[in-house]
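> give me a 3D structure for the following:
(one chain, ligands or ions: 1)
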Amino acid sequence: MPVYNVKLIRKEDIADGTMAFYFEKPEGFSHKAGQYADLTLIDPQQTDAEGNVRTFTLANAPYEDALMFATRMRDSAFKRELKTMPIGAEISLDAPHGTFTLHNKTDVPAVFLTGGIGLTPARSIILQAAHDKLAHKIYLFDSNKRPEDAVFLDELMAAQHDNPNYTFIGTMTQMEKSKCSWDGETGLIDETMLTKYVGDLNVPIYYIVGPQGMVYAMVEMLLTAGVDDDNIRTEEFFGY
Ligand SMILES: Cc1cc2nc3c(=O)[nH]c(=O)nc-3n(C[C@H](O)[C@H](O)[C@H](O)COP(=O)(O)OP(=O)(O)OC[C@H]3O[C@@H](n4cnc5c(N)ncnc54)[C@H](O)[C@@H]3O)c2cc1C
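Here you go, the predicted model:
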C-alpha cells in the first residue's frame, strides 16, 4: 500500500477522554468504508515500549473531504504525542487496509454490534451507505457505558432521517454513573434485544467491532442463539 505524509488540520474532543483527529486527504487517495490505516509518528519527542505506530480505522466516510481518526486518549506515548501535535504537523499514513467492509448483496441485512470506540468502522459504512442510497437494511446496536462515553451519537441517530433502511439502537450499560438523560435501551446487547428489532436472527450478516472481550462475548451470544458463524465478521481493537 502507498505511504503518505498527511497534515493534521483539526482535532476535537468528541466524548469523555476521546478525541477525533482530522488529516488532509492525499491527492488520489481512496478507501472503502470500514478500512483502516497504520499511523506512524514522525520524529516523536517521546516514545515507549508500545512504539510509534498505531492502527486506527478511517472513521470518515469515503465521500467526506478529510481523513478522520477517533480514539480514547489513554496515557501511551503515542497518544500523548498525537494529542499535542500542532495543526499543520504531519504523520505517516499507510493505508488503506482491511476487509471489514459492507457485503454486496443488498437483500441481506447488516447488523453492526459495536462497543465504545469500536463504532468507528460502522460510522464510515453507515454514512457512506446513506450517501450512496444503498438498499441494504442496516441495524446499528451501539453499546456504551454512558452517553458521556458514546461517540458520534447524534450523527448516527440523525442518519436515520437520510436512510429509511437504517435503524439506530443505542444501549447504555452504566446509566447509574451518568449525569445525562437517556431514553434508549439499557444493558448489554443480548439475544432478546436483537430479536426485538431484527426478527429472525439467521437472516443478517453481523459485524462485531470493539475491545477483544466485547467481541468474544458477542460472538458467543450469536453462536448460542444459533447464528451460522459464516454470517459473523469481527474486528478486534487490541490494546483496550
Ligand atoms: C483494525 C483495527 C482498527 C482499530 N481502530 C481503532 C480506532 O478507530 N480507534 C481506536 O482508538 N483504536 C483502534 N484500534 C486499536 C488501536 O490500534 C490501539 O491498540 C488502541 O487505541 C490502544 O492504544 P493505546 O496507545 O491506548 O494502548 P497501548 O496498550 O499502549 O498500545 C496498544 C498496543 O496493543 C498491542 N497490539 C496492537 N496490535 C496488536 C495485535 N494485532 N495483536 C496483539 N497486540 C496488539 C501493541 O502492543 C500496541 O502497541 C484498532 C485496532 C485494529 C487492529
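> could you chop the protein up by domain?
The record's domain parsing of the chain by automatic domain parsing lists 3-97, 110-237.
> the residue nearest the centre of the chain is in what secondary structure piece?
Here the mean C-alpha position of the chain is nearest to the C-alpha of T120 (Cα atoms, centre = their mean), at a distance of 1.6 Å. T120 is located in helix 119-131, with elements delineated by DSSP states H and E.
> those residues of this structure touching the ligand, which are they?
With Cβ under 6 Å from any ligand atom as the criterion, the chain comes near the ligand at residues 36, 50-51, 54-57, 59, 70-72, 74, 76, 78-79, 98, 117, 120, 235, 237-240. Quick note: C-beta positions are derived from backbone N, CA and C, even for glycine.
> got a quick ChimeraX command for the buried subset of those residues?
Here is the ChimeraX command that selects the buried residues among the residues of the chain next to the ligand (16 or more other Cβ atoms under 10 Å):
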select :36,54,56,57,59,70,71,72,76,78,79,98,117,120,235,237
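> what's the spacing between V3 and Q35?
When distance is defined by Cβ to Cβ, to the nearest Å, V3 is 15 Å away from Q35.
> and these two? Which one has more around it.
Summary of the neighbour comparison: V3 and Q35, criterion other Cβ atoms under 10 Å, with Q35 having more neighbours (20 against 11).
> the helices in the protein, which residues?
Assigned by DSSP state H, the chain shows helices spanning 77-84, 119-131, 153-162, 191-198, 212-224.
> adding mean pLDDT, write those helices out as JSON lines.
Converted to JSON lines, the helices of the chain look like this (pLDDT from 0 to 100):
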{"stretch": "helix 77-84", "mean pLDDT": "97"}
{"stretch": "helix 119-131", "mean pLDDT": "98"}
{"stretch": "helix 153-162", "mean pLDDT": "96"}
{"stretch": "helix 191-198", "mean pLDDT": "98"}
{"stretch": "helix 212-224", "mean pLDDT": "98"}
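> K177 is nearest to which of the ones you listed?
When the helices of the chain are compared by Cβ to Cβ, helix 153-162 sits nearest K177, at 16.7 Å.
> which neighbouring elements make contact with that closest one?
Judged by 3 or more Cβ pairs under 8 Å, 6 or more residues apart in numbering; DSSP states H and E, the packing partners of helix 153-162 are helix 119-131, strand 138-144, strand 166-172.
> next, the angle helix 77-84 makes with the strand of greatest length in the chain.
Counting residues, the longest strand in the chain under DSSP state E turns out to be strand 3-15. Taking axes from the mean of the first three to the mean of the last three Cα atoms, to 10 degrees, one finds that strand 3-15 is oriented at 80 degrees with respect to helix 77-84.
> ok, residues contacting stretch 5-23?
Judged by Cβ atoms under 8 Å, 6 or more residues apart in numbering, the contacts made with stretch 5-23 from elsewhere in the structure are 24-26, 42, 59-60, 66-74, 82-83, 85-93, 117, 146, 148-152.
> try stretch 152-161
Residues outside stretch 152-161 that contact it (Cβ under 8 Å, 6+ apart) are 14, 70, 119, 122-123, 126-127, 130, 140, 142, 147, 166-168, 170.
> buried residues of that stretch, list them for me.
Neighbour-count burial for stretch 152-161, counted by 16+ other Cβ under 10 Å, picks out 152-153, 156, 159-160.
> quick one, which of the domains of the chain gets closest to N104.
Once Cβ to Cβ is applied to these, the stretch that comes out nearest is domain 110-237, at 9.3 Å.
> from K196, how far off is the closest residue to M193 other than its chain neighbours?
Leaving aside its chain neighbours, M193 sits nearest to E185 (6.2 Å; criterion: Cβ to Cβ, 6 or more residues apart in numbering). Using Cβ to Cβ, E185 is found at 9 Å from K196.
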